[in-house]
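Colleague: my questions concern the predicted model and sequence given below.
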Amino acid sequence: MKINELIKNFEIYVTNEEKEILKKLDSARSFLSFSERERFIIEGLIRKSLVIKVGHDNPYIIANEKEE
């Protein structure tokens, strides 16, 4: 039995600031193009697995999954 079958309505809590940043991530963007505050929030989104950081020298940020 899969975990998705056990938990029908699984939601990850997202703050208003996090929602605003997720809206901006309609395509891959450079991590350095964000302000320091936005980078801090993005690090939290990475820990929540809502955003993926790709690369080392100049990383890009990609939304993991968009809500419909």
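Modeller: In hand now; what should we look at?
Colleague: ok, the most centrally placed residue in the chain - contacts?
Modeller: Centroid-nearest residue in the chain: residue 51, 2.7 Å away (criterion: Cα atoms, centre = their mean). By Cβ atoms under 8 Å, 6 or more residues apart in numbering, the contact list for residue 51 reads 22, 25, 42, 45, 61-64. No exception for glycine: its C-beta is placed from N, CA and C like everyone else's.
Colleague: please identify the buried residues of whichever helix in the chain runs longest?
Modeller: Longest helix of the chain, by residue count under DSSP state H: helix 36-47. For helix 36-47, burial by neighbour count (16 or more other Cβ atoms under 10 Å) applies to 38, 41-42, 45.
Colleague: what is the nearest of these to residue 15?
Modeller: The closest of these to residue 15 turns out to be residue 41 (Cβ to Cβ; 8.0 Å).
Colleague: tell me the first helix or strand C-terminal of the worst-scoring helix or strand of the chain on mean pLDDT.
Modeller: When the helices and strands of the chain are scored by mean pLDDT, DSSP states H and E, helix 3-6 comes last with a mean of 70. Counting by DSSP states H and E, the element after helix 3-6 in chain order, helix or strand, is helix 16-24.
Colleague: hmm, who's touching that following helix?
Modeller: Helix 16-24 is contacted by residues 14, 34, 38, 41-42, 44-45, 50-51, 63, 66 when judged by Cβ under 8 Å, 6+ apart.
Colleague: from the contact counts, what lies against the helix or strand following it?
Modeller: Next in sequence after helix 16-24, counting helices and strands by DSSP H and E, comes strand 29-30. With contacts defined as 3 or more Cβ pairs under 8 Å, 6 or more residues apart in numbering; DSSP states H and E, the packing partners of strand 29-30 are strand 60-63.
Colleague: and the strand it packs on, which strands flank it?
Modeller: Strand 60-63 sits in its sheet next to strand 29-30 (antiparallel), strand 51-54 (antiparallel), going by DSSP bridges.
Colleague: next one: the first one to chain centre, how far?
Modeller: Right, strand 29-30. Relative to the chain's own centre, strand 29-30 is displaced by 13 Å; criterion: Cα atoms, centre = their mean, to the nearest Å.
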